[in-house]
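Trainee: prediction below, plus the sequence it came from.
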Amino acid sequence: MENELRLNLLLCAETYAKLRGIGLPTLGRISAGDWRFFDRLRDDEKTFTARKYDEVLGWFSDNWPTDAKWPKGLDRPKAPARAAS
């Protein structure tokens, strides 16, 4: 399961970086708060939490370019329901 989640994040990261013309270190800094985050994902010895996965995938969903397709085969997170005020 962890490997599948790792591949999901890398797919989003590589696609987004290409769309925006930025490097993975920059993307790691803005999406995960860690410029080495995506480098670490490539290392099978490193792990990440489910919370971090949700946080980063949510960031991608919130910031995905409106004119670009979401990566095929990857479920896009639904926006959290807003509490009624």
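Mentor: Yes, it's here.
Trainee: can we go C-alpha only for contacts and neighbour counts from here?
Mentor: Will do.
Trainee: for Glu2, report the pLDDT, please.
Mentor: The model reports Glu2 with a pLDDT of 87.
Trainee: could you pull up the contacting residues of it?
Mentor: For Glu2, the contact set (Cα atoms under 8 Å, 6 or more residues apart in numbering) is empty.
Trainee: and what of Gly33?
Mentor: Contacts for Gly33 (Cα under 8 Å, 6+ apart) come out as none.
Trainee: without its sequence neighbours, what residue ends up closest to Thr26?
Mentor: Take Thr26 and drop its neighbours on the chain: the residue closest to it by Cα to Cα, 6 or more residues apart in numbering is Trp35, 6.0 Å away.
Trainee: ugh, typo on my part, it should be Tyr16
Mentor: Closest to Tyr16 by Cα to Cα, 6+ apart is Trp64, at 7.4 Å.
Trainee: C-terminal to the helix or strand where Leu11 lies, what's the next element?
Mentor: Element membership of Leu11, judged by DSSP states H and E, is helix 2-20. Using DSSP H and E, the helix or strand that follows helix 2-20 in sequence is helix 24-32.
Trainee: what angle separates that next one from helix 2-20?
Mentor: Taking axes from the mean of the first three to the mean of the last three Cα atoms, to 10 degrees, one finds helix 24-32 and helix 2-20 inclined to each other by 110 degrees.
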